[in-house]
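Trainee: Turn this into a structure:
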Amino acid sequence: MNRLPLVLALVVISAGIGVPGVEPIAGAPLTLAQSEQFFPDTIGSRWRFRGSVVEGPLEKIAIKSFVNVSTVVRTDTIKGVTVKVFHDSNPGNHGPSDSFYRRDAAGIIYYGSEPGTTLEKQLIPYQIIRFPIVIPSTFEQFDKSILDFGSDLDGDEQNEKADVAATVTIQTQEPITVPAGTYQDGVRIEARMTMRIRLSASQRIVVGTDTMTAWFVRGIGLVKYVERQEMPPLRTEHGLVAEITEELEEYEIKKETASFLGSEPPAQRVLTHDAGRHELSQIFRPSRLRPHP
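Mentor: Numbering: from 1, shown residues only. Below is the predicted model:
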């Protein structure tokens, strides 16, 4: 999936048919017809994002700018499952990576990335979006305990253990403006991951959070995301905070020649984890609610 972005027309489902331009009944959930159109994944499609990173101890902040180009490069097979491969040139200013996604009638499932992390490999595969999109709605992506965190945070030469939980909330439709243009009906999605990390030397528990808010547009995909990562003090008195933003500058969506996996039955849903690319600082980089596909 690539980072999550979108432009939508307002639609309501009536007898299974989307009716454009109809306001939902106040307080009633809104179901979006053809939800997959918010996540185009035809091979050769390309998105260019302008990004910034604000990071550092809470008392001292550094600002960096970067560019990330995301491209659907090919299909691949992982354990017998056909996936789309998204190549990002510099997501979150962390250097190049490939991410693997499967889109079908049930939604989008994330199958990991290269290079991946020890923690991410214990979480995948997991669902990042359910179809059809219902506004508002929330689902649990995962809730797993006693995982190998993959890093030694307290200097005792032992990797820490972590309990990790994540949820995705489809919040609303609203106008969104980015360098590529203004879109009236972007879908705003929030993914929140919480990590309870047990420091092996002291058995103290510290809690880190990673919250990503992303906007998607029908026919385009991810147009913007803001990701905030917070980590409490470990071996110093200062905690760490990072806020990463990417906004769409330009895009090219290749024409769909055949619906990807359109005739296949839905894959088994993975309801115990989600993320597009959740990253808590550079200390741990599981997966992010990557605004793609």
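Trainee: Need the nearest residue in space to V241, chain neighbours excluded.
Mentor: E230 (5.2 Å; CB to CB, 6 or more residues apart in numbering). From N, CA and C alone the C-beta is placed, and that goes for glycine too.
Trainee: any idea how far that neighbour is from R198?
Mentor: 18 Å (CB to CB, to the nearest Å).
Trainee: Please give the element, helix or strand, for L119.
Mentor: helix 118-121 (DSSP states H and E).
Trainee: next structured bit after that helix?
Mentor: Next element after helix 118-121 (DSSP H and E): strand 126-130.
Trainee: Let me know how buried the nearest residue to P175 once chain neighbours are set aside is, in neighbour terms.
Mentor: In space, and not counting its chain neighbours, P175 is closest to Q184: 5.2 Å by CB to CB, 6+ apart. Around Q184 there are 13 other residues, counting by other CB atoms under 10 Å.
Trainee: tell me the secondary structure for Q184?
Mentor: Secondary structure assignment for Q184 (DSSP: H, G, I helix; E, B strand; the rest coil): strand.
Trainee: where's the residue nearest to V178 when sequence neighbours are not counted relative to F66, distance?
Mentor: Nearest non-adjacent residue to V178, counting by CB to CB, 6+ apart: E247, 4.2 Å away. The gap separating E247 from F66 is 12 Å, by CB to CB.
Trainee: Now list whatever residues contact both of the two.
Mentor: Taking CB atoms under 8 Å, 6 or more residues apart in numbering as the criterion, E247 and F66 both touch G51.
Trainee: neighbour-wise, which of these two wins?
Mentor: E247 (20 against 17).
Trainee: Need the pLDDT of the more buried one.
Mentor: On the pLDDT scale, E247 is placed at 98.
Trainee: and what of V226?
Mentor: The model's pLDDT for V226 equals 97.
Trainee: Run a quick neighbour tally on K254.
Mentor: 13.
Trainee: related to what we said a few turns ago, can you name the residues that contact the residue nearest to V241?
Mentor: 208-210, 239-241, 280.
Trainee: Can you tell me which of those are buried?
Mentor: 208, 210, 239-241, 280 (16 or more other CB atoms under 10 Å).
Trainee: and the two most separated of those residues?
Mentor: Using CB to CB, the buried ones among the contacts of E230 span at most 13.9 Å, a distance reached by D210 and G239.
Trainee: any weak-confidence spans in this structure?
Mentor: 1-27, 58-60, 236-237, 257-293 (pLDDT under 70).
Trainee: again, only this time at 90
Mentor: 1-28, 55-62, 115-116, 153-155, 231-241, 256-293 (pLDDT under 90).
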